[in-house]
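sequence first, then the predicted structure:
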Amino acid sequence: MVVNVTQKDFQNHIKDGFVLVDFWSPCCPPCKALGIVLDNLSRELGIKVVKVNADGDLGLAERYGVRGLPTMIFMNNGNEVHRIVGYQDQSSLKEVIQKLNH
């Protein structure tokens, strides 16, 4: 499942279980390419992907120390367990997710 969120509903979406948070921007070509990868992996692996538009929600991006886009933060029960900055291909990202979400 892929969900677009804002600061208002962010906490509700990350508090339970394994969640991949994707900080992205509409003017970022690697973000757009990663979006396709995340859609595919969400369906294939049954993971929850929470997408945050970093341009539209600067407060969340600042709170989580996002300095480059795309930034993926892997959360477990609301706690950060891993972070990747930059585009990742589908097979590499799938491997990371499978290791973290065991």
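Everything's here; your move.

so is residue 42 in a helix, a strand, or just coil?
For residue 42, the reduced secondary structure class is helix; criterion used: DSSP: H, G, I helix; E, B strand; the rest coil.

can you read off the pLDDT for residue 77?
Model confidence at residue 77, expressed as pLDDT, equals 97.

touching, residue 88 and residue 31? I think so.
No. Judged on Cβ atoms under 8 Å, residue 88 makes no contact with residue 31 at a distance of 11.9 Å. For the C-beta atoms, the positions are set from N, CA and C on the backbone; glycine is no exception.

contacts for stretch 56-66?
Residues from elsewhere that reach stretch 56-66, judged by Cβ atoms under 8 Å, 6 or more residues apart in numbering: 6, 7, 10, 21, 23, 52, 54, 71, 73, 80.

how about 7 Å then?
Stretch 56-66 is contacted by residues 6, 7, 10, 23, 52, 54, 73 when judged by Cβ atoms under 7 Å, 6 or more residues apart in numbering.

residues in contact with residue 45?
Applying Cβ under 7 Å, 6+ apart, we find residue 45 in contact with 94, 97.

change it to 8 Å
The contact partners of residue 45, taken as Cβ under 8 Å, 6+ apart, are 94, 97, 98, 101.

what's the answer for residue 84, then?
Residue 84 sits next to 71, 72, 74, 93, 96 when contact means Cβ under 8 Å, 6+ apart.

Three-state assignment for it, please.
Secondary structure, three-state DSSP: residue 84 is strand.

show me what it bridges to in the sheet.
On the basis of DSSP bridges, residue 84 is bridged to residue 72.

how close does it sit to residue 51?
15 Å (Cβ to Cβ, to the nearest Å).

cool, residue 32 as well?
Relative to residue 51, and taking Cβ to Cβ, residue 32 is found at 12 Å.

residue ranges for the strands of this protein, please.
With DSSP state E applied, the chain shows strands at 2-5, 18-24, 48-53, 71-76, 79-85, listed in chain order.

redo these as JSON lines? Include distance to residue 61.
Compiled in JSON lines, these are given as follows (distance: least, Cβ to Cβ, whole Å):
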{"stretch": "strand 2-5", "distance to residue 61": "13"}
{"stretch": "strand 18-24", "distance to residue 61": "6"}
{"stretch": "strand 48-53", "distance to residue 61": "7"}
{"stretch": "strand 71-76", "distance to residue 61": "8"}
{"stretch": "strand 79-85", "distance to residue 61": "12"}
